[in-house]
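Novice: Dropping a prediction and its sequence here:
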Protein chains: 2
Amino acid sequence: MSVLDRLLAALGPDAVTAGPQVPERFCHDWSGEPAVQPLALIRPRTTAEVAIALRVCFETTTPIVPQGGRSGLCGGARPISQGIALSLDRMNRVIAVDRLQSTLTGEAGCVLETAQAAAAGAGLLLGVDLGARGTCTLGGVISTNAGGNQVLRYGMTRDNVLGLEVVLADGTVLPAMNSLLKNNVGIDLKQMFIGSEGCLGVVTQAVFRLHPRPPHNVTAFAGCADTQAMLSLLAHCRAVFGPALTSFEVMWPGFYDLMRAGIGAPHPVQGSHGLYVIIEAGGFDARITDQMEACLADALEAGLVGDATLAHNGREERGLWAVRESVSEYGRILGALTPFDIGLSLDRMEEAVARMEAALRQRWPDVRALFYGHMGDSNLHLVVNVPNVAVQPSKEIKPLIYDLTRELGGTVSAEHGIGTIKRDVIGYSRSDAELAAMRAVKAALDPRGILNPGRSFAP
Amino acid sequence: MSVLDRLLAALGPDAVTAGPQVPERFCHDWSGEPAVQPLALIRPRTTAEVAIALRVCFETTTPIVPQGGRSGLCGGARPISQGIALSLDRMNRVIAVDRLQSTLTGEAGCVLETAQAAAAGAGLLLGVDLGARGTCTLGGVISTNAGGNQVLRYGMTRDNVLGLEVVLADGTVLPAMNSLLKNNVGIDLKQMFIGSEGCLGVVTQAVFRLHPRPPHNVTAFAGCADTQAMLSLLAHCRAVFGPALTSFEVMWPGFYDLMRAGIGAPHPVQGSHGLYVIIEAGGFDARITDQMEACLADALEAGLVGDATLAHNGREERGLWAVRESVSEYGRILGALTPFDIGLSLDRMEEAVARMEAALRQRWPDVRALFYGHMGDSNLHLVVNVPNVAVQPSKEIKPLIYDLTRELGGTVSAEHGIGTIKRDVIGYSRSDAELAAMRAVKAALDPRGILNPGRSFAP
């Protein structure tokens, strides 16, 4: 009996779609890599069905690619032609919100925004938020350890997950649905699955810790002369706000000016500056706005800031974020892009931007190298576009940027992961000993290597 | 050549002490378990020496027990008679504090208090704090994923560690000294070592993230009528303070009255209450004291609190904490004890305390069962003393408490770990599938089973 027949016999036709009938949306993610038709698509409704599917794949040594919202940027959820695509999209419920314990329990396929809304409905806050919130799923943000705009305050996805249910390669269900902040009993197994891009198991359920929801938010926009002033402003904001500092986002002028013109957004401060910063704080007291005003006045006086302004309402707030949030417009305004998601120590940030820009410009004098990022998390994004070429020279751009990243002691993936597109450079940020240890763990939990083979650290 | 001779040849007599000459303090931890003389004690000065020691142990299949400050309460650092004790006490330096990146790098044997002071010297805060701060080490708090009094605000040790250097069982050095908040490249290997009680590797260095230091602190003491009122007060404090809430410690009257009389502390509130609560908040604004006053006034008006008071200076603050911090007096006041460190959902807390007390009292009518704990973290401590017996009936007390813990869905170890003393009940909080997965990981990284055998989840 073929794998497909075995899956059909075990799960029925409702849960199993043969390759040629697989809808196109299940054949790719947001990496831009070409679509791949899998051998079959499985859409289970329960953990038991996931376990059955994995057991069949295990027994037949069939590769399996778990899928959440398929909004990943690195190719980790793209099917394998002779493998099974396992979509969790039918396991999409919020199971419970516990106000007293401050937790949310949900199925892996639950859309992040749905879970956020359920938490908000209980007067609490889910600490994970990112642009793809309407598409990405709880299982997806867990498997990539997603970051976003509030990491400074709430940490990465990892810091927000208390418990997991995972199905292992052989179909064993690992019930680790802890809901306690403290639970020190042996290895914290869930940590291995978080961020390992589906290479160790399939997440089916999760418990998230929830946070008190700050009722008062304040957003500011500032222009700084240079990186040194910006870093001093960051230190100043940390000292003023402590954990109330939610975001500290920086845009270099190359990015800011081009995108602002492209989307026709107003310029909220006077004059041109070396860097533009969005500062957001969430407070439990209405005086957070006064604190921000005082913070900016002090920064102006100390010369850390050239000009600054504050949003007075939701419309103004969205205006201050408009350029930073214009990602959906990049293609229209810039054309084809080569994007980067790197992490660097703050003391190397200025040097990194200068050297990357210089190296690109030396090779392509008219290159557009646009820098921006979550500076509070040492996370730099860069999108590169070489105008007037038939095909973007990504294969030349990447080694240039990644070589410098390695030289400066940075990471080739801050928050997006490795997937397939950074496989070549995983060794830039992990030693041979680390990769060997990862693969030893992989071999122990997935001895036949069926889970997302060839992705991230998987052989 | 014997193991001892090989170690002497490789490391020299300064680093290797033969069993009979091993100082007594290296032969036990704070668990109360009897001292054990190891085959030898090794006190390396460098990671390279740790690696050499492990290689010899690996080649000779000799058990090895890593030791930090030996202040663990579960027997995890107690030597094994035919094994090597590996103390990190000579690797005790703070290597660097990076103000800009907000990190501290230290050697594993660095005493926690030393690291805290170095962070404070840079105007920052190390988020891990516990009673044993003057004795326990960075490596020790990492290997046990230690908790403490500020978990509500800064999380467990895990949440404060960015990077590790670990020596594996075969002497391989795993360099994972990450200092970035975001670094998503494969399995986050450090997470496996944190909390695994020395069963997977020996931590030699670590990078801790540091936090802004709140310049203003306020401490309050309140009496609540019952558990329901106390839980409502907790929810109220969370909503008022958000992340500024540092501690929410609860003492049941059995504990509070006896220990207060025992240490001769004043009673800071009017009248007797069903529960006593210490609330602490750390603010970036002097108005945190006004906020606490308003918080308590609202709680009084809503009937959540019977009486409450605020510390106005450091002396008063220490006074409010005196009974809660009286752990060193337990032995003198109570005599022999059977201690517990369990975790429970907040909605089971009242039932747990009532049923545990009733079960103990049914068996021993004059039993003293003293409950207190970090209620903000769902962590309940209990010390039991049966008066007028020659030997404490620990072997009868433990199953009684742990059976109820299991029945109520709790954990047998919230923050202290398993070590040797909870080996019998590890299965109460972890399923067979979880233990099998832990042991598969152990076998992959420590194939000869030399690292802390028989402790925590290790076979």
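Specialist: Great, that's in hand. Remember, predicted model here, so these are calculated numbers, not experimental data.

Novice: tell me the mean pLDDT for stretch A:5-15?
Specialist: Averaged over stretch A:5-15, pLDDT sits at 97.

Novice: repeat for stretch A:43-51
Specialist: For stretch A:43-51, the mean pLDDT works out to 98.

Novice: what's in contact with stretch A:39-50?
Specialist: Applying Cβ atoms under 8 Å, 6 or more residues apart in numbering or on different chains, the external contacts of stretch A:39-50 come out as A:3-4, A:7, A:11, A:15-19, A:22-23, A:26, A:52-53, A:62, A:79, A:81-91, A:165, A:167, A:173, A:202, A:204-205. Every C-beta, even on glycine, is put in place using the N, C-alpha and C of the backbone.

Novice: Can you narrow the residues you listed down to the ones near chain B?
Specialist: A:Val173 (Cβ under 8 Å from any Cβ of the partner chain).

Novice: For the stretch 251-400 of chain A, list the residues in contact with chain B, please.
Specialist: So the stretch 251-400 of chain A meets chain B at A:282-285, A:287, A:291, A:343-347, A:374, A:377-379 (Cβ under 8 Å from any Cβ).

Novice: Please tell me how far A:Ile64 sits from A:Leu54.
Specialist: A:Ile64 sits 7 Å away from A:Leu54, taking Cβ to Cβ, to the nearest Å as the criterion.

Novice: Whichever of the residues of the stretch 251-400 of chain A next to chain B end up buried, select them in PyMOL.
Specialist: A single PyMOL command is used to select the members of those judged buried by 16 or more other Cβ atoms under 10 Å in any protein chain shown:
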select buried, chain A and resi 282+283+284+285+287+291+343+344+345+346+374+377+378+379
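
Novice: Mind checking which of the residues of the stretch 251-400 of chain A next to chain B land in strands?
Specialist: In strands, defined here by DSSP state E, the members of these are A:282-283, A:343, A:374, A:379.

Novice: Just flag the most distant two among those.
Specialist: A:Gly283 and A:Gly343 (28.3 Å; Cβ to Cβ).

Novice: if we can go back for a sec, any chance of the ones in strands among the residues of the stretch 251-400 of chain A next to chain B in a markdown table, plus pLDDT?
Specialist: Putting those into a markdown table (pLDDT from 0 to 100) gives the following:
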| residue | pLDDT |
| --- | --- |
| A:Gly282 | 95 |
| A:Gly283 | 91 |
| A:Gly343 | 97 |
| A:His374 | 94 |
| A:Asn379 | 96 |
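
Novice: intersection of neighbour lists for A:Ile64 and A:Leu54?
Specialist: A:Val202.

Novice: Assess the claim that A:Gly76 and A:Gly198 are in contact.
Specialist: Yes: if you go by Cβ atoms under 8 Å, A:Gly76 and A:Gly198 touch, sitting 6.6 Å apart.

Novice: is whichever helix or strand A:Phe241 is part of anywhere near chain B?
Specialist: Assigned by DSSP states H and E, A:Phe241 belongs to helix A:227-241. Yes: judged by Cβ under 8 Å from any Cβ, helix A:227-241 and chain B are in contact via A:231, A:235, A:238-241.

Novice: Where neighbours are concerned, which of those residues has the most?
Specialist: When neighbours are counted as other Cβ atoms under 10 Å in any protein chain shown, the busiest of the residues of helix A:227-241 next to chain B turns out to be A:Phe241, with 26 neighbours.

Novice: May I have the beta-bridge partners of the nearest residue to that one once chain neighbours are set aside?
Specialist: Leaving aside its sequence neighbours, A:Phe241 sits nearest to A:Ala281 (Cβ to Cβ, 6 or more residues apart in numbering or on different chains; 4.9 Å). Note on A:Ala281: beta-bridge partners A:Val218, A:Leu245, judged by DSSP bridges.

Novice: Tell me how many other residues crowd A:Ala281.
Specialist: For A:Ala281, the neighbour count with other Cβ under 10 Å is 26.

Novice: Please enumerate the helices of chain A.
Specialist: Assigned by DSSP state H, the helices in chain A fall at A:3-11, A:47-60, A:112-121, A:138-144, A:151-154, A:190-193, A:227-241, A:253-263, A:288-301, A:314-321, A:330-334, A:349-363, A:394-407, A:432-445.

Novice: Give me the contacts around the fourth one.
Specialist: Contacts made with helix A:138-144 from outside it, assessed by Cβ under 8 Å, 6+ apart, are listed as A:66, A:68-72, A:76-77, A:88, A:106-110, A:112, A:115, A:128, A:130, A:146, A:157, A:161, A:164, A:193-198, A:202-204, A:206, A:208, A:415-417, B:184.

Novice: in that helix, what counts as buried?
Specialist: Neighbour-count burial for helix A:138-144 [16+ other Cβ under 10 Å]: A:138-144.

Novice: One more: stretch A:336-353?
Specialist: Per 16+ other Cβ under 10 Å, stretch A:336-353 contains these buried residues: A:336-346, A:348-350, A:352-353.

Novice: mind checking the end-to-end distance for it?
Specialist: 21 Å (Cα to Cα, to the nearest Å).

Novice: Could you check how far that stretch is from the centre of its chain?
Specialist: 16 Å (Cα atoms, centre = their mean, to the nearest Å).

Novice: distance of the closest residue to A:Pro66 other than its chain neighbours from B:Gly155?
Specialist: Leaving aside its sequence neighbours, A:Pro66 sits nearest to A:Gly198 (Cβ to Cβ, 6+ apart; 4.2 Å). Applying Cβ to Cβ, the value for A:Gly198 to B:Gly155 is 26 Å.

Novice: Pick out whichever of these two has more residues nearby.
Specialist: Under the criterion of other Cβ under 10 Å, the comparison of A:Gly198 against B:Gly155 puts A:Gly198 first, with 28 against 19.

Novice: Confirm for me that that one is in contact with A:Pro63.
Specialist: No: counting by Cβ under 8 Å, A:Gly198 stays clear of A:Pro63, with 11.1 Å between them.

Novice: Give me the common contacts of these two.
Specialist: Joint contacts of A:Gly198 and A:Pro63 (Cβ under 8 Å, 6+ apart) are A:451-452.

Novice: what are the bridge partners for the nearest residue to A:Phe340 once chain neighbours are set aside, then?
Specialist: Nearest residue to A:Phe340 in three dimensions, chain neighbours excluded: A:Leu382, at 4.2 Å (Cβ to Cβ, 6+ apart). Under the criterion DSSP bridges, A:Leu382 forms beta bridges with A:Phe340, A:Phe371.
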